[in-house]
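> predicted structure and sequence below. I'll ask about it afterward.
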Amino acid sequence: MASEPRHEETHFERTDIFGKGVLITGIAVFVGIWITSGIVMLYFNFLKHNRSVSSPPPLPAELHGNPMPPEPRLQASPRQDLKAMRTNEDWNLNHYAWVDRSAGTVAIPIEHAIDLVAARGIPPQKAPAGVALSQPQAGTRLTGFEGEVAPEPR
């Protein structure tokens, strides 16, 4: 069996680390951390006392708790509000209800209203007074550009 190549000037360390020095360093770091923590704690207590002595009195609003902000406020539960709104809208669209009982006006379900409009049609409306309507065959609109704009191609 062949031995490893070896350099005569290179040697392994014959001793371990200096244990006493490592122990003293660890204790010194530990004590230093405790002393620093104590100094910082004393300083914070001093600042807390100094701030409480030199601070102005609290605001009246702070004495009475957390007041409500002015309107409009954010919704507390937007999902529940949306669900309630949609439930209300669905009920209004799908049920009969009185709009004005004295005049005999009734809200009817949307499906029934669509069927009625499909069966009867939409009645013609009277044009308001003073409105000038052009015939669809004229090809122009009353826009202020009459004669300057060519009609759209058909």
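Perfect, I can see it now. Numbers count the residues shown, from 1 in each chain.

> tally of neighbours for I27?
Using other C-beta atoms under 10 Å, I27 has 10 neighbouring residues. Bear in mind the C-beta positions are built from the backbone N, C-alpha and C, glycine included.

> do you know how far the residue nearest in space to the middle of the chain is from M68?
The chain has L74 as the residue nearest its centroid, 10.2 Å off, counting by C-alpha atoms, centre = their mean. The gap separating L74 from M68 is 11 Å, by C-beta to C-beta, to the nearest Å.

> burial count for P109?
14.

> my guess is it contacts N92. True?
No - using C-beta atoms under 8 Å, P109 makes no contact with N92, being 9.4 Å away.

> helices and strands of this protein: which one has the lowest mean pLDDT?
helix 60-63 (a mean of 70; mean pLDDT, DSSP states H and E).

> let's see that helix as CSV, backbone CA atoms only.
These are the backbone C-alpha positions of helix 60-63, laid out as CSV (Å, rounded to 0.1, in the frame of the first residue of the first chain):
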residue,chain,number,x,y,z
PRO,A,60,-61.1,65.5,24.6
ALA,A,61,-61.9,63.0,21.9
GLU,A,62,-59.3,60.7,23.3
LEU,A,63,-60.8,60.9,26.7
